[in-house]
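*Asks:* quick one: sequence and predicted model below, then my questions.
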Amino acid sequence: MCMFLHGNGMSTVVPAGDLFYLEEHMTDRTIGYIVGSISSNSINRRLAKALERLAPAGTRLVEIPIADLPFYSPDHDGDFPQVARDFKQAIEDVDGVIIVTPEYSRSIPGVLKNALDWSARPYGRMSFNGKPTAVIGTSQGGIATAAAQQHLKAILVHYNSPTLGQPEGYVQASPGLFAESGEVTNDQTAEFLVGYLEAFGALVDRYAQVPVAA
Ligand SMILES: Cc1cc2nc3c(=O)[nH]c(=O)nc-3n(C[C@H](O)[C@H](O)[C@H](O)COP(=O)(O)O)c2cc1C
């Protein structure tokens, strides 16, 4: 017998004979995440931290920052600034990207749209082409970012990104639901987030086998 302790604090006991099978089939994935808020007190950043904390064994979450990107303009197409090159490379280097975003006026915040515009240019160099993505967000309102996510998913379809359909990541924030460190104070929410990460991991693994058209 052998016990595995997962990042989420849960454990799995497996017979020793199954160890070889498990080692062969445990995937190492690096998942990037983008937070669509630059607020110093962002509840979506806390949600992202919670996902980082709950990542299952074999999955590593790393932030792809957007706060230092200047406004995109086609004037940059001939010579992108280093910060934009780094941003695009970071997307291209990971196995999948989770976008954690608030809803602003029933759509996505301008800072996130700006980052996505950099990712799509120069023409023919879409960083999200073929890259699996998942969308999730939290707001205090009952709509829980659903309208923003619909807009975002439409953009990701245009980018030729396979996007997680289910479960949908609409998280209604109550005071204290997420601690700053990423702790989730509600067990059902934590369980949902673990399932969400597992579903996205399966999508990432499936698309790892699919060649990307130029
Ligand atoms: C300009 C603006 C527009 C907003 N529009 C919406 C909205 O359409 N739907 C919603 O649920 N919350 C809306 N909110 C409230 C945000 O959900 C709330 O401020 C949330 O904390 C933002 O996420 P953050 O804390 O991660 O930055 C809006 C907030 C701002 C500043």
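*Replies:* Thanks, I have the structure now. Numbering: from 1, shown residues only.
*Asks:* state the helix or strand in which residue 150 lies.
*Replies:* In the assignment (DSSP states H and E), residue 150 maps to helix 146-158.
*Asks:* after that helix, which helix or strand is next?
*Replies:* Following helix 146-158 toward the C-terminus (DSSP H and E): strand 169-172.
*Asks:* may I see the buried residues of that following strand?
*Replies:* By neighbour count with 16 or more other Cβ atoms under 10 Å, strand 169-172 contains the buried residues 169-171. Yep, even glycine has a C-beta here, placed from its N, CA and C like the rest.
*Asks:* and it, which strands flank it?
*Replies:* strand 133-139 (parallel) (DSSP bridges).
*Asks:* hmm, who's touching the strand it pairs with?
*Replies:* 36, 43-44, 47, 51, 96-103, 144-145, 148-149, 152-153, 156, 161-164, 169-173, 177-178, 196, 200, 203 (Cβ atoms under 8 Å, 6 or more residues apart in numbering).
*Asks:* go again with 7 Å.
*Replies:* 43-44, 47, 96-103, 144-145, 148-149, 152-153, 156, 161, 163-164, 169, 171, 173, 196, 200 (Cβ atoms under 7 Å, 6 or more residues apart in numbering).
*Asks:* can you mark which positions in that strand are buried?
*Replies:* 133-139.
*Asks:* equivalent analysis for stretch 163-182, please.
*Replies:* So, applying 16+ other Cβ under 10 Å, buried residues of stretch 163-182: 163-164, 169-171, 173, 177-178, 182.
*Asks:* please list the residues of this protein that sit near the ligand.
*Replies:* Proximity of the chain to the ligand (Cβ under 6 Å from any ligand atom) is limited to residues 37, 39, 42-44, 102-106, 139, 141, 143.
*Asks:* now do the same contact list for residue 61.
*Replies:* Here residue 61 is in contact with 31, 33, 51-52, 55 (criterion: Cβ under 7 Å, 6+ apart).
*Asks:* is residue 125 part of a helix or strand, or is it coil?
*Replies:* Classification of residue 125 using DSSP: H, G, I helix; E, B strand; the rest coil returns coil.
*Asks:* chain neighbours aside, what residue packs nearest to it?
*Replies:* Distance criterion Cβ to Cβ, 6 or more residues apart in numbering; nearest residue to residue 125, sequence neighbours excluded, is residue 88 at 7.4 Å.
*Asks:* okay, and the one you found sits in which element?
*Replies:* helix 82-93.
*Asks:* cool, residue 31 as well?
*Replies:* strand 29-35.
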